[in-house]
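Peer 1: give me the fold of what follows.
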Amino acid sequence: MAKRIVWAVVAGVVAMTFLLSGHSEATGLYDNAPTVQSLTDRTVNRTVPDKDYYFFINLYADWCPHSQNAAPTVANFSRSVAGWHKVLRIGAVNCAENDVCDQLDMHRYPTFLLIPPNTQLVAQNFTILDPYHRSIDDFYTAALNALKSDQTITNRYSLSPIYTNRQSEICGAFPQTDRHKEQYVIIDDRKRPSPLTAMVCHPWSR
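Peer 2: The predicted structure follows:
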């Protein structure tokens, strides 16, 4: 009888450990994406406002198939723009566990927000990106259009297209979203006086 009780307790502990570990894995679609900053109710209004760079934020629900399908693209995008950290950061909020999405009146997942620099309160200043355009090229376009239209950032970092004899070398290091199109990229080139410089990568320069 005692052995049966012991085995029952052991089985219960193993089952509980399995359920808890499975729940932990399911709650963060970006647990293995170090370039995506996971935000919560407690951290979003401490991390995002009053910064001198843009924030691209994915509002998602871990149970949502569309959110799950979009997660690898967001993670790849965040890795490819990691060098842009002076002008762009990537974050994500799991709306299944946080109330900030309700506060923003966002109930469609995933929803992609672009929050400009010097925003005092997230709920007061953001742009919702087109939900039907969620490829890495779409994210590039939205982010770069915002950066190029921001006078403060373009003045600070000289974000106007340049051409250099190192163009092929530099462009080859960037993801190729469309081999038939020009691609506007931002580089951190220590050989130039500006901390960040923009460049147009032509298809033939790769």
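
Peer 1: okay, and the helix or strand of the chain with the least pLDDT?
Peer 2: helix 2-26 (a mean of 41; mean pLDDT, DSSP states H and E).

Peer 1: run a quick neighbour tally on Phe55.
Peer 2: If you count neighbours by other C-beta atoms under 10 Å, Phe55 ends up with 23. Glycine gets a C-beta too; all of them are placed from N, C-alpha and C.

Peer 1: Phe112 contacts Tyr132, doesn't it?
Peer 2: No: the criterion here is C-beta atoms under 8 Å, and Phe112 misses it with Tyr132 at 11.0 Å.

Peer 1: more crowded one of the two?
Peer 2: A side-by-side neighbour count of Phe112 and Tyr132, using other C-beta under 10 Å, places Phe112 first with 22 against 6.

Peer 1: how many neighbours does the closest residue to the more buried one other than its chain neighbours have?
Peer 2: Distances taken as C-beta to C-beta, 6 or more residues apart in numbering place Leu129 nearest to Phe112, at 4.1 Å, with adjacent residues excluded. Under the neighbour criterion other C-beta under 10 Å, Leu129 is assigned a count of 21.

Peer 1: renumber starting at 14 from here on
Peer 2: Renumbered: residue one is now 14, and that last one reads Leu142.

Peer 1: give the contact list for Leu142.
Peer 2: Leu142 makes contact with Phe125, Leu126, Leu127, Asp151, Phe152, Ala155 under the criterion C-beta atoms under 8 Å, 6 or more residues apart in numbering.

Peer 1: which SSE is the second one in?
Peer 2: It stands for Leu126. Taking DSSP states H and E as the definition, one finds Leu126 inside strand 124-128.

Peer 1: what average pLDDT does the following helix or strand past that strand get?
Peer 2: Per DSSP H and E, the first helix or strand lying C-terminal to strand 124-128 is strand 140-141. Averaging pLDDT along strand 140-141 yields 90.

Peer 1: after strand 140-141 comes which helix or strand?
Peer 2: helix 149-162.

Peer 1: can you give me the angle that next one makes with strand 124-128?
Peer 2: 20 degrees (axes from the mean of the first three to the mean of the last three C-alpha atoms, to 10 degrees).

Peer 1: what packs against helix 149-162?
Peer 2: Contact partners of helix 149-162 among helices and strands, from 3 or more C-beta pairs under 8 Å, 6 or more residues apart in numbering; DSSP states H and E: strand 67-73, helix 78-93, strand 124-128, helix 164-170, strand 196-200.

Peer 1: would you mind finding the most buried of those?
Peer 2: Of all those, strand 67-73 carries the top mean neighbour count, a mean of 25, counting by mean count of other C-beta atoms under 10 Å.

Peer 1: all set now, cheers.
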